[in-house]
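J.: Fold the stuff below for me.
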Amino acid sequence: MDKSNNNYLGILGCAILYAVTSFACAFLGFLSPWCWIVVFPVLAAVLGAPSYLWAASRWQRFGVASLFALVLAVILLVMGEIDVTQSLLMVAVGIASDVVRQAIGNTHKRSILLAYPVLPLGIIVWLMKLWTASEWYYQGAAEEIGADYADGLRTLSSIWALLLVIVLTLAVGYIGIRIAAAKMKSGKKLG
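T.: Numbering: from 1, shown residues only. Predicted coordinates:
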């Protein structure tokens with residue numbers, strides 16, 4: 001197998017790792033509504049940074065974040081965790097991340113640092129029905145986890161909670177990718 005095939009397999013592996021890492025972080029949601037709505041996407045943003053950095057440093061063209069978002073969306077859609085609309089929005093967030101990277105220049109380290117924080121916003125799409133179909137969301141949570149949990153979700157269904165999650169995810173995504181970049185031993189392909 002030649003080096004370029006290994007690169008593509010590695011990039012696909014990183015996309016799968018990103019999806020698995022994001023999904024694993026979701027299990028924190030069983031601890032409390034705050035862990036589901038706030039901690040889960042923020043932690044996923046931090047833990048997903050190394051796999052994105054590795055892939056983006058080797059794939060210097062448009063599409064890394066789109067691939068990552070697509071893999072996560074397909075896995076969640078197949079599992080019944082999200083619907084088609086959410087899947088499309090999740091992929092759109094990945095494309096937006098790639099647009100940011102492309103606009104700055106795919107070969108520049110700065111493009112990776114600024115594009116990555118956009119990608120984990122796609123994880124919030126998984127939670128979006130808390131804000132768009134609140135009553136349905138509460139009823140499902142009450143049946144699955146209990147009335148107390150559902151009541152906790154009600155406190156997080158405001159626009160302010162959504163804005164808080166978006167800002168925290170962006171900020172922590174940026175911090176996570178900076179840490180990953182500092183730890184990456186081979187920075188030669190980062191530009």
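J.: wait, what's in contact with the residue nearest in space to the middle of the chain?
T.: Note on the chain: the residue nearest the mean C-alpha position is residue 120, at 2.7 Å, using Cα atoms, centre = their mean. Contacts were defined as Cβ atoms under 8 Å, 6 or more residues apart in numbering; by that measure residue 120 touches 22, 41, 44, 45, 48, 169, 173. Placement of C-beta: from N, CA and C, glycine included.
J.: Let's see which of the residues you listed end up in helices.
T.: Counting by DSSP state H, these place 22, 41, 44, 45, 48, 169, 173 in helices.
J.: Just name the closest of these to residue 35, please.
T.: residue 41 (10.5 Å; Cβ to Cβ).
J.: So which elements touch the worst-scoring helix or strand of the chain on mean pLDDT?
T.: Using mean pLDDT, DSSP states H and E, helix 3-26 stands out as the lowest-scoring helix or strand of the chain, at a mean of 89. The elements that helix 3-26 packs onto, with contact taken as 3 or more Cβ pairs under 8 Å, 6 or more residues apart in numbering; DSSP states H and E, are helix 40-58, helix 64-78.
J.: who touches the last one?
T.: It stands for helix 64-78. Contacts for helix 64-78 (Cβ under 8 Å, 6+ apart): 11-12, 14-16, 18-19, 22-23, 48, 51-52, 55-56, 82-84, 86-88, 90-91, 93-95, 97-98, 101, 115-116, 118-119, 122-123, 126.
J.: what do you get if the cut-off is 6 Å, keeping everything else the same?
T.: Contact partners of helix 64-78, identified using Cβ atoms under 6 Å, 6 or more residues apart in numbering, comprise 15, 18-19, 22, 55-56, 82, 87, 90-91, 93-95, 97-98, 119, 122.
J.: now do stretch 135-153
T.: Residues from elsewhere that reach stretch 135-153, judged by Cβ under 6 Å, 6+ apart: 33, 129, 130.
J.: Tabulate those residues (TSV), appending pLDDT and neighbour count.
T.: Shown next, in TSV, are the contacts of stretch 135-153 (pLDDT from 0 to 100; neighbours: other Cβ atoms under 10 Å):
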residue	pLDDT	neighbour count
33	95	22
129	95	16
130	94	24
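J.: quick one: which of those residues is nearest residue 155?
T.: Nearest to residue 155 among the contacts of stretch 135-153, with distances taken as Cβ to Cβ, is residue 33, at 7.3 Å.
J.: which one is that closest one nearest to, not counting chain neighbours?
T.: residue 152 (3.4 Å; Cβ to Cβ, 6 or more residues apart in numbering).
J.: Residue 146 versus that neighbour, what's the distance?
T.: To residue 146, residue 152 is 10 Å away according to Cβ to Cβ, to the nearest Å.
J.: Going by how many neighbours each has, rank these two and give me the top one.
T.: Set side by side, residue 152 and residue 146 show more neighbours around residue 152, with 18 against 11, by other Cβ atoms under 10 Å.
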